[in-house]
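Engineer: I would like to see how this sequence folds:
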Amino acid sequence: MTFWEFFWLLFWTYVFIAFLTILFSIIVDLFRDHEMNGWAKAAWIIFLVFVPVLAALIYIIWRGQSMSERQMEARASEYGAAATGMSSTDEITKAKALYDNGSITADEYAALKAKALR
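Structural biologist: Below you'll find the model as predicted:
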């Protein structure tokens, strides 16, 4: 194998891995989006299977901004859970205990529960 054959092998391997990374990021984003219905998700998956490069470009151009927002929200919730060291269940249990002993109102409990479930 010559140097240039090896170079092109490395180059195309890099391009392929980068494309797979983008493709998997799009698929994760599709299932992370709660506003899109199941039929639209299925259509995007079919589009990604049969025309992957074009579908990926269209998805990134059309939904790129909302894709980054969903990713930031997911990371923020992961960071919040890691920073507190508590799971959503632990947070709800703690809020329920505060509500039961009268430290917080029903509205505050509902707000804390909704925040924990996000």
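
Engineer: can you give me the strands in the protein?
Structural biologist: With DSSP state E as the criterion, the chain has no strands.

Engineer: Show me which helix runs longest in it.
Structural biologist: helix 52-84 (DSSP state H).

Engineer: mind listing what's buried in that helix?
Structural biologist: Ala55, Ala56, Tyr59, Arg63, Met67, Arg70 (16 or more other CB atoms under 10 Å). The C-beta positions use only the backbone N, C-alpha and C, and glycine is treated the same way.

Engineer: my read: the third one touches Lys41, true?
Structural biologist: Read it as Tyr59. No: applying CB atoms under 8 Å, one finds Tyr59 not in contact with Lys41, separated by 11.6 Å.

Engineer: Next one: the closest residue in space to Asp29 that isn't next to it in sequence relative to Val51, how far apart?
Structural biologist: Distance criterion CB to CB, 6 or more residues apart in numbering; nearest residue to Asp29, sequence neighbours excluded, is Met67 at 4.8 Å. Distance from Met67 to Val51, counting by CB to CB, to the nearest Å: 19 Å.

Engineer: Please apply the same query to Asp107.
Structural biologist: 50 Å.
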